[in-house]
Structures are given as structure tokens and as C-alpha cells.
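In: sequence first, predicted model second:
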Amino acid sequence: MNESVLDYDAIERELRLFEAEERRRLGIEAEQVDHWHDPNPQVFTRDERDTTTILLGGLTIAHDTLMTAALSGLGYTMKALDCPDLEALRLGKEFGNRGQCNPTYFTVGNLIKQLTHFRDKEGMSVPEIIRKYVFLTAGACGPCRFGTYVTEYRKALVDSGFEGFRVLLFQQQGGLRQATGDASGLEINGRLFKAALQAVMAGDCLNLAGYRMRPYEVQPGETDAALEECKTLVSDALRRRGSVVAALVRCRRRLNRVPVNRLRPKPKVSIIGEFWAMTTEGDGNHRLQRFLEAEGAEVDIQPVVTWVLYSIWENQHDTRKRLTLRGEDDSPAGLKGKDGRAKIMLLWGAEKAVRAIFGIYAHAIGLEGYQLPDMDQVATISHQYYDNHLRGGEGHMEVGKLIQSVEHRKAHMVISIKPFGCMPSSGVSDGVQSLITARHPEAIFTAIETTGDGEVNVQSRIQMDLFKARKRAEAEYRSAVARTGLTEAALESKLQSKRRGVHYPPHIVAGTAANQVLELARIRELSRED
């Protein structure tokens, strides 16, 4: 006899009946479970805005400075935290849970360090600190401790004597839906997104220009001095809600007054890996960027806006997959009641807008030839090694970046840096990347972990591979000079017109010095064999 298939509601009714019968059988039908709840104080009203300062931090020094200025321009009172140092690590370990990752300890401890300074150095009472300050931080879900950061902040704040201090969580993928009502002190709306994106892009441009210039400056320290003036120029524009483009044009003029000599061969080292570890500029990654520059390398950094493009790509990818489902899922990111194709077009427009605005900013400051990565291309070349559906950390991006660095001659050496025990990044850099390097034996790839200590061991490992990268850069430079048939004196003479700070030769090979030689000789491309 044929029986009809139960629908979803019928199955739910049967399950509820079964649960009720089991409860009666076990004698627990009247039991009330009092679940634990963390009373996380987050109330920040509009009435408090004028008397409350928002603390933020966690990106590069330039980004934190410009983000503070951008939100100040919207009427908020802002203060950027210092770059996390070893004292922040100590406090994070003292008041945080055991077994946390490096970024957790540094960022949590950095907040405790600032609040302790208010209390012990400036003489503020704890109730006054709680009343006058809140902390704004990012949050996300995924196979990582990042999803529990807010709980870590709560635990450390309670144990360090600041119970009741407010931590405002901004979900990376929450969009405009995070607005908490008309009375909210922090209005997460289009104006805030625009200001934040401007600060991120301008910060990226300043950092990229600095890392391009500093290794080749004639007088040490001139690039940093110029960048400080540039931060002031852009901060003023963001605070006044003026033209960021005009400020970046003024930055280009200032940077161009810094004399550089790009006929000095240096190994180019690309830093990839876990987002915080490769972005921070302090003790959290053993000051990796400045260490590499001190060792004679040029550092190739990953701009923060790349993460914005990756987030857009994730949404596009997932939406396309959901379009083919036989039923509509009603999850927060599902398509039930929505037009999936319209969402894809909206995301397509968002990507084009981000790239266009960044292109304008980059052109304004003089970042000649700089291109943001093609996310579809990165996904395609990495998919066979690391499935695009796997998320956490940088996902497949770390794999794709290494492949591109080798195949497209983007860098002589690639360093993947991550916190000790970082689950998403360790699985990639210590596992998947070994297959990539086996298939690309010419790659110089170094995977390192940070714990807050062990600085000498980390730097020693980098120095060993950096020696090989340096030799490769020098050989590449000599080959380029030989190809031109020009003498060193002739090249120096031709270089006089291209000594301005932000000028950067077109990319042909990995090394900037070799590219400068080829540009001076008007050689625009080489064969793969060359």
C-alpha cells in the first residue's frame, strides 16, 4: 500500500509529540532550563554621543588614524588605540582565557592597557571611564576564535576591574542591517560605510606608496616624514568631509620631493597569511615589515580593500550557488523572498564602484600601474588546491596569491605569517602550500608563526630564505642591465628624470631595480624564458 510522504509541518508535529512523550516517560516534562546568558553591556544612545569617546584600533597605524578622522567628520568623538605591543600581550595573557591566538591576546590586552592608563596615569575612576568611553571592534563568524572575540573582551574587562565597559561589535558581513534604531549612538548607515571605505582606501594608498619608496630613499627617514604630513592632509579632509582626492594629490606632490634611487637591486618580499598578523605593524608580527626593510628588502603588502573585494566575491559566489537550489533557504544570507539576480547585479555594481574609487585614489597619489587582484582569477587558479567553498581566514586567497607571485613574477619571496595555532591559516600555509611549492620549485616560500615571543627564531628563518631571494634579485638586475647594453653610468644619467618619489617602473619582472633598468631602456616585456 502506498503511503503519502509527510510534509515538513507533519514531521515537526511528530517530533514534538515524540519529545513530549519522552519527557513524560523520563519525568522531566515540567523542568525549566535556565540557560546561561552573558550580560554584555552595549547600550550607547544618541544622547550620550557628545560626552562619549569611541575607541578603535586593530589595523595599520595609517588606517586607524584616518578611520578616527573619518568618523570624527560624522560627529563622533574618536580616539585611536596605540599599535599593540608586548605590554598589551602581557595584559591579554593575564586577563584572557588560556589557549587563545596571538591577535586575541594583543587586541584584548591593548584595550585593557588603554583603560588601565586612564585609571592609573590620568586618575580617572572606573565608573567615569565606563561612562565616557566605548570600544568599537569588528566581529565575524567562522572556524576561528575571531567569532568569540567579544566574549574574550568581556572576560578580560571583568577580571581587570572594568566590568560594565561597553564593547560595540560591528559584524563584517552584517551590512546596513546592524543599525540599532533611531536612538542608537552609533548609526551604522550609508554615511558611515562611505566614510569608513574612504579611510580604508586612503590608508591603503599611503601605505602602498610608503613601502614602494622607503627602500630606495636617498636620505633615510624622509619618506616617513613625508607620510606623516600626508596623514595630516588626508585626516583633515576626512574630518572636514572635504575632497580626499584633492588631499591625495597634495600628498603626491609632497612625496615627489623625496629623492629615491631605484637602481639598487633589492629582493621583493610579499607578505600574505592571516589578516591581522600580516596587517599589524608592531610586536604582534615582530615588526615584520620594518625588519624586512632593515634587511634590505622591498615589502609588498596586501591592501585592506582586498578584503572588501573578497567579501563581495563571497556573496556573489554564494548567491549564484543558491540560485540553482530547488527550494529557497530562509537563512539570513538566503534568497527566500528576494530577487537573487538583482542581488548579483547589486554586488557587481559594488565591486565596480570599489575598484573605480580605489583607482581614482591610487591615480591621485601617483601609484602608477597598481592593480587590485582579480578575485575570479584568484578563485580559479586556487580552486583545485583549496576548494572555494572552504571559508575562514583568507580562504583560498592565500593559495592564489602564492601562485600568482610565482607565475606572474610578482615577488622574489613570499612569507605567510599567522598566529600560532591559527586553524584556517595553518591548514593552508603548512599544508596546501607545500603542494604549491612542490609544483613550483622556483618559489621561495616561508611560513612562520607568531606567539609574542620567539622573535629571534622567526627572524633567523626569514634571513635564511631572504639570502636566496637577495641573490635572485641581484642576478635579475644584472641580466636586465646586460640586456639593455647600457653602462651603469648611462643608466644613472637616464634615471635623473625619474627620481621623483612615487614614480614606479612598470611591472615586467619581480625586482623594482630590474624593472627600472628595463623602463629606462624602453623594454616593455620579456619572454617567459628571459
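Out: Received, thanks. Residues are numbered from 1 along each chain as shown.
In: buried residues in the strand or helix carrying A473, which are they?
Out: Assigned by DSSP states H and E, A473 belongs to helix 455-484. Buried residues in helix 455-484, defined by neighbour count with 16 or more other Cβ atoms under 10 Å: 455, 458-459, 462, 465-466, 469-470, 472-474, 476-477, 480-481, 484. C-betas here are computed from N, CA, C, even on glycine.
In: likewise stretch 258-272?
Out: Residues of stretch 258-272 classed as buried: V258, V260, R262, L263, P265, K266, P267, K268, V269, S270, I271, I272 (neighbour count, 16+ other Cβ under 10 Å).
In: circling back: out of the buried residues of helix 455-484, which is nearest to D283?
Out: Minimum distance to D283 across the buried residues of helix 455-484 is 8.3 Å, recorded for E455 (Cβ to Cβ).
In: now tabulate the buried residues of stretch 258-272 in JSON lines and tack on distance to D283, pLDDT and secondary structure.
Out: Below are these laid out as JSON lines (distance: Cβ to Cβ, whole Å; pLDDT from 0 to 100; DSSP: H, G, I helix; E, B strand; the rest coil):
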{"residue": "V258", "distance to D283": "28", "pLDDT": "94", "secondary structure": "coil"}
{"residue": "V260", "distance to D283": "29", "pLDDT": "92", "secondary structure": "strand"}
{"residue": "R262", "distance to D283": "31", "pLDDT": "92", "secondary structure": "coil"}
{"residue": "L263", "distance to D283": "34", "pLDDT": "91", "secondary structure": "coil"}
{"residue": "P265", "distance to D283": "30", "pLDDT": "95", "secondary structure": "coil"}
{"residue": "K266", "distance to D283": "25", "pLDDT": "97", "secondary structure": "coil"}
{"residue": "P267", "distance to D283": "24", "pLDDT": "97", "secondary structure": "coil"}
{"residue": "K268", "distance to D283": "25", "pLDDT": "97", "secondary structure": "strand"}
{"residue": "V269", "distance to D283": "20", "pLDDT": "97", "secondary structure": "strand"}
{"residue": "S270", "distance to D283": "22", "pLDDT": "97", "secondary structure": "strand"}
{"residue": "I271", "distance to D283": "16", "pLDDT": "96", "secondary structure": "strand"}
{"residue": "I272", "distance to D283": "20", "pLDDT": "93", "secondary structure": "strand"}
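In: and the helix or strand of the chain with the lowest mean pLDDT, what does it pack onto?
Out: None of the helices or strands of the chain scores lower by mean pLDDT, DSSP states H and E than helix 423-427, at a mean of 73. Under the contact criterion of 3 or more Cβ pairs under 8 Å, 6 or more residues apart in numbering; DSSP states H and E, helix 423-427 touches strand 413-419.
In: what about stretch 424-441, how long is it end to end?
Out: Counting by Cα to Cα, to the nearest Å, you get 24 Å between the two ends of stretch 424-441.
In: hmm, I typed the wrong one, I wanted stretch 270-283.
Out: 19 Å.
In: quick one: it to chain centroid distance?
Out: How far stretch 270-283 lies from its chain's middle: 8 Å, per Cα atoms, centre = their mean, to the nearest Å.
In: where does pLDDT dip in the stretch 51-200 of the chain?
Out: The model of the stretch 51-200 of the chain has pLDDT under 70 over residues 139-148, 170-183.
In: that one: helices as residue ranges?
Out: Along the stretch 51-200 of the chain, counting by DSSP state H, counting those that start in this stretch, helices occupy 61-72, 86-95, 102-120, 126-132, 149-159, 190-213.
In: could I get those helices in JSON lines, plus columns for mean neighbour count and distance to R391?
Out: Formatted as JSON lines, the helices of the stretch 51-200 of the chain follow (neighbours: other Cβ atoms under 10 Å; distance: least, Cβ to Cβ, whole Å):
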{"stretch": "helix 61-72", "mean neighbour count": "24", "distance to R391": "24"}
{"stretch": "helix 86-95", "mean neighbour count": "20", "distance to R391": "26"}
{"stretch": "helix 102-120", "mean neighbour count": "22", "distance to R391": "18"}
{"stretch": "helix 126-132", "mean neighbour count": "15", "distance to R391": "36"}
{"stretch": "helix 149-159", "mean neighbour count": "19", "distance to R391": "17"}
{"stretch": "helix 190-213", "mean neighbour count": "22", "distance to R391": "21"}
